[in-house]
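**Q** Sequence and predicted structure below; questions after.
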Amino acid sequence: MAKIAVIGLGYWGPNLARNLFTNRRCTGLVLCDRDESRLAMQAERYPGAEKCSDFDKVVADPTIDGVVIATDAMSHYPLARRALESGKHVFVEKPFASSEAEARHLVELGEERKLVTMVGHTFLFSPPVIKTREVIQSGELGEIYFITALRVNLGIHQKDISVVWDLAPHDFSMLFYWLGEEPDRIESFGNDYVLSGIPDVAFINLHFPSDVIANVQLSWLSPSKLRRTVVVGSRKMLVYDDTEPDEKIKIYDKRVDLIEPASFGEYQLTYRSGDIVSPKVGTTEPLAAEMDEFLRCISTGDVPVSCGRNGLTVVRALEAADRSLQESMRK
């Protein structure tokens, strides 16, 4: 049981507040935003919630157990650092921090003070993503060859971070969760077509120690919204399409087999095309599960699925991808 303050009530903060308000583990809710009109509007929706327009008062309040930070990306680190230093558990929306050094400092602070640090990698609580991990780990797909991910839409253009820092955390967190490893090599290229200095298109290639390769395509410049991931294995292939209303996962019994000749001659390939199966997945709201995980870990001391170290791994990959992207744009 914990009293939680939500910092930032702009685009995403109200969704976090809604799920905290309806969770029985949350014994008190504090809404914090410098914009008084936003604060008043959200306070009307949640009877009994406290209002605050000053973050200093939040960190100084000994009755508040944890903070949920949903402000602009560049403010994540300084706000999270102050909250941890004041002895409060911290949940930070993605990206966890603006650099590997900042992310590492937050992790070390949390571990040193025995506080929960958690990152808003919401997809790790999505039933289709969890099911995909189960399928991969069961060996049903065979040896994983490669993964391709497409995350594109028209907008929303960010003014302070590139498309890599905005969208890639989703796919990076899922890839690392599925494969159980982080990449040892990252290369990317793209461009800034709309706002100078803010890349809005990126193509990222990742190589993993297990020799799995992945490609992630990100864009704020697409005529339609696409959220599609393909996992290709030696035995079967899986497609996860987050825009599908019902059958978000489909497993294709398709593969190519190499048959060595019994005598001197050419190698032969056989192509298998079997059934297409759409496994049943749960309907739990990812954000509700994510907030429950934060509250549960505050109570039990357990390490969250999307813990600070998980966030550190993603930030390290984001930094490498962004560095490669900037170098490609200078050529």
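**A** Thanks, I have it. Computed from a prediction, not measured in an experiment: that's the story for all the values here.

**Q** where does this protein dip in pLDDT?
**A** Filtered on pLDDT under 70, the chain yields the residue ranges 261-267, 331.

**Q** what's the domain layout of it?
**A** 2-120+286-306, 124-285+318-330 (automatic domain parsing).

**Q** Give me whichever of those is most buried.
**A** Comparing these by mean neighbour count (mean count of other Cβ atoms under 10 Å), domain 2-120+286-306 comes out on top with a mean of 19. (C-beta placed from N, C-alpha, C; glycine too.)

**Q** Next, format the domains of the chain as JSON lines and append distance to residue 312.
**A** Listed next are the domains of the chain as JSON lines, based on distance: least, Cβ to Cβ, whole Å:
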{"stretch": "domain 2-120+286-306", "distance to residue 312": "4"}
{"stretch": "domain 124-285+318-330", "distance to residue 312": "10"}
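
**Q** How about the contacts made by residue 310?
**A** 119, 121, 124, 173, 176, 304 (Cβ atoms under 8 Å, 6 or more residues apart in numbering).

**Q** so the nearest residue to the first one once chain neighbours are set aside is in which element?
**A** Going back to what we said before, that points to residue 119. Nearest residue to residue 119 in three dimensions, chain neighbours excluded: residue 311, at 3.4 Å (Cβ to Cβ, 6 or more residues apart in numbering). Here residue 311 is covered by helix 308-330, with elements defined by DSSP states H and E.

**Q** Please state the offset of that helix from the chain centre?
**A** 14 Å (Cα atoms, centre = their mean, to the nearest Å).

**Q** which residues in the protein form helices?
**A** With DSSP state H, the ranges of helices along the chain come out as 13-21, 36-45, 55-60, 76-85, 100-112, 127-138, 163-179, 286-300, 308-330.

**Q** other SSEs contacting the shortest one?
**A** Contacts defined by 3 or more Cβ pairs under 8 Å, 6 or more residues apart in numbering; DSSP states H and E place helix 55-60 against strand 2-7, strand 26-32, helix 76-85.

**Q** what's in contact with it?
**A** With Cβ under 8 Å, 6+ apart as the test, helix 55-60 has contacts from 5, 7, 30, 32, 52, 64, 67, 79, 82-83, 85-86, 88.

**Q** As a markdown table, those residues with distance to residue 156 would be great.
**A** What follows is those, written out as a markdown table (distance: Cβ to Cβ, whole Å):
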| residue | distance to residue 156 |
| --- | --- |
| 5 | 26 |
| 7 | 21 |
| 30 | 28 |
| 32 | 23 |
| 52 | 27 |
| 64 | 31 |
| 67 | 25 |
| 79 | 22 |
| 82 | 28 |
| 83 | 27 |
| 85 | 32 |
| 86 | 32 |
| 88 | 30 |
